[in-house]
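J.: Okay, predicted coordinates and the sequence, questions at the end:
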Amino acid sequence: IDDLGINEEIQSVRWLDDLAIVVTFRQVDPLYTIDLSDPTAPKKLGELKIPGFSAYLHPLGQGQLMGIGVDADDQGRQIGSQLATFDISNPKAVRQVQVARFGQGTELSATHNPKAFTWLPQSRQAITTVSSYQSQPSNQLLIITVAADGTFTQRGGFTHSTQPAEGLDYDVRTLPLPGNRIAVVSRGKVEVIDLSSPER
């Protein structure tokens, strides 16, 4: 496909059967949908141009996709982290359903490591970590509940603080447990959180 992301860098790719989602970036984020039903002749179906880019893409089912990555202005200057949901049910007319921006000095761990992302399909909850580089560096667990229409609510407050001299712990992981609970595993610490209450 010769006209895909000219003079731009590929940031993420996700294959969904005969459909590929490709994100490139220079100043804005074209999210491309590619028809792979004929492997010898892939075809671009559509594209969506929005600020920033998604570095990690995760299918949510029901023709929905979550993108985790970087927020940017119209000139391509990166201004923190962002998370968005997309409706890809019509690959020729993909649309962004909702976006959450976390501001300057933040980074979502799944941007660099997909193992820092957990999707619980039964409760339609996505879990990752947002790191802050402000005066007191910290990691905060971010819980996103996605509705059937792709809109979402977010919940935080589970903070794993670190001393400035230590830097940030990028090794935070979440593991699903029975009973709508998760284990949050970081360097030297394990916590169990009940997503229903949410109590440690």
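T.: Structure received. Numbering: from 1, shown residues only.

J.: Show me the shaky parts of the protein.
T.: Counting by pLDDT under 70, the chain has low-confidence residues at 27-29, 135-137, 156-171, 198-200.

J.: Report the central residue of it.
T.: I68 (2.1 Å; C-alpha atoms, centre = their mean).

J.: from what I can see it touches L108, true?
T.: Yes. With contact defined as C-beta atoms under 8 Å, I68 reaches L108; the gap is 5.1 Å. Every residue, glycine included, has its C-beta placed from N, CA and C.

J.: what pairs with the residue nearest to G179 when sequence neighbours are not counted across the strands?
T.: Distance criterion C-beta to C-beta, 6 or more residues apart in numbering; nearest residue to G179, sequence neighbours excluded, is D194 at 7.5 Å. Beta-bridge partners for D194, by DSSP bridges, are R181.

J.: just to revisit the earlier point, residues touching the residue nearest to the centre of the chain, list them.
T.: Residues in contact with I68, defined by C-beta atoms under 8 Å, 6 or more residues apart in numbering, are 54-58, 81-83, 108, 110-111, 117, 128.

J.: who wins for neighbours among the residues you listed?
T.: Highest neighbour count within these, by other C-beta atoms under 10 Å: S81, with 28 neighbours.

J.: Report the contact partners of that residue.
T.: Contacts of S81 by C-beta under 8 Å, 6+ apart are 68-71, 101-102, 106-108, 111, 130.

J.: Surely it is in a strand?
T.: Yes. Looking at S81 with DSSP: H, G, I helix; E, B strand; the rest coil, it is inside a strand.

J.: Count the residues that sit near the closest residue to I79 other than its chain neighbours.
T.: The spatially closest residue to I79, leaving aside those adjacent along the chain, is D71, at 5.2 Å (C-beta to C-beta, 6+ apart). Number of residues near D71 (other C-beta under 10 Å) recorded here: 23.

J.: Now do the contacts for D71.
T.: D71 touches 51-52, 78-82, 101-102, counting by C-beta under 8 Å, 6+ apart.

J.: please redo it, this time with the cut-off set to 7 Å
T.: D71 is in contact with 51-52, 79-82, 101, counting by C-beta atoms under 7 Å, 6 or more residues apart in numbering.

J.: Quick one, which of the residues you listed are buried?
T.: The neighbour count (16 or more other C-beta atoms under 10 Å) marks 51-52, 79-82 as buried among these.
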